[in-house]
Every structure is written in structure tokens, then in C-alpha cells.
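Colleague: Would you be able to build a 3D model of this:
(3 chains)
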Amino acid sequence: MKKPLAPPPTPPTERNYFADVHEVVRLVPPGRVTSYGAIAHYLGAKHGSRAVGYALMAANLDAATLQRDAPVPAHRVVNRLGQLTGRHHFPTPTAMQERLEAEGVRVEDDVVVEFKKLYWDPAVELG
DNA sequence: AGCATGACGTCGA
DNA sequence: GTCGACGCCATGC
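Modeller: Numbering: from 1, shown residues only, chains lettered A, B, ... in the order given. The predicted structure is shown next:
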């Protein structure tokens, strides 16, 4: 039958790459953190780490994605130094830290305490 | 179509 | 050991 509405399987702003990033981030268990580079590396090491952050930013802002799939715990993603570089993109500058601390992750001076200890590498945990 | 930007990471000087 | 430049992928003008 003809389809009166044509729901695009993959919106232009959410391509396979973004979906991949979202999926991996969702796998990060509470109380653990990962890095942009780890995700990029897990996805093939060919993807730029910037694109990962870009995907998270888009995911957080795009309510459609949040409704379609589970919310992306972007607060569990920090840079390779454990710094909360993405906190400025949250509703409030402290929202990211608040969420992390709510999960038992201590944040001090915008840096995850015991980052190496809480580090969750998808390439290791998943593969 | 080309240039500039971005929640990064790695290399070279 | 610190600083600067390039690369990566995707988006916006």
C-alpha cells in the first residue's frame, strides 16, 4: 500500500555514525566513565574524536533521538584526561558533575577523581 | 564547492 | 615539559 507518511529511517542529522556513538555511550555502566578517543577507537579508530563529541552534543539537544532511543548518558563521557570538557553544553555548567556525583563518581576541579580506575574502555569491556 | 568550527587526540619542534 | 600544528568526521555558512 502507499504510505501517506514517509518516516525516514535515518534522519540526516543522525546517521549511522551518530547512532553508533549513542549506542556505545549507552553501554557505559553507571559510576563509570569513558573517553571520546576510546569510543572513536572502538568504532574503528578512523573516526575523529571530535565527531564523537559532536554526536553527543547533537544527541543531547535532539529530543527526537531521546524519544526514539534511550537517553544518552553523555555525562559519562570525558576527554582522555578525565576533564569534564563538555559540561558547558549541559543545561547548567554543573549538571554534568552533579550527575556523575549522583552515581558515585567524584569530581574535583572539573576532573574525574580516580579517572583511570573508573575508566571504562568499550574496546576492552565489549571486545 | 570551499572555508571555518567543534564536548578530541596524536605528533613534532 | 610546554606549545603549536595537523588529522579525524560531520555540520553550518
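
Colleague: Residue of chain A closest to DNA strand C, please.
Modeller: The nearest approach of chain A to DNA strand C comes at residue A:48, 2.4 Å away (CB to the nearest atom of the strand). C-betas here are computed from N, CA, C, even on glycine.

Colleague: Phi and psi next, for that residue.
Modeller: Backbone dihedrals for residue A:48, given as degrees, to the nearest 10, come out at phi -70, psi 150.

Colleague: need the contact list for residue A:55.
Modeller: Going by CB atoms under 8 Å, 6 or more residues apart in numbering, residue A:55 touches A:17, A:18, A:21, A:22.

Colleague: for the last one, helix, strand, or coil?
Modeller: To tie it back to what came earlier, the one meant is residue A:22. helix (DSSP: H, G, I helix; E, B strand; the rest coil).

Colleague: Report the central residue of chain A.
Modeller: Taking CA atoms, centre = their mean, the centroid of chain A lies closest to residue A:74, which sits 3.7 Å from it.

Colleague: Which residue ranges of chain A form strands?
Modeller: Taking DSSP state E as the test, the strands found in chain A are A:34-35, A:77-78, A:107-108, A:111-112.

Colleague: which residue sits closest to the residue of chain A closest to DNA strand C, ignoring its sequence neighbours?
Modeller: Leaving aside its sequence neighbours, residue A:48 sits nearest to residue A:40 (CB to CB, 6 or more residues apart in numbering; 6.6 Å).

Colleague: That neighbour is in contact with residue A:49, isn't it?
Modeller: Yes: Residue A:40 is within contact range of residue A:49, at 4.6 Å (criterion: CB atoms under 8 Å).

Colleague: Could you check which of these two is surrounded by more residues?
Modeller: residue A:40 (20 against 16; other CB atoms under 10 Å).

Colleague: got any ranges where chain A has weak pLDDT?
Modeller: Along chain A, the parts satisfying pLDDT under 70 run over A:1-15.

Colleague: Nearest residue to residue A:81 in space, please, no chain neighbours.
Modeller: residue A:111 (7.1 Å).
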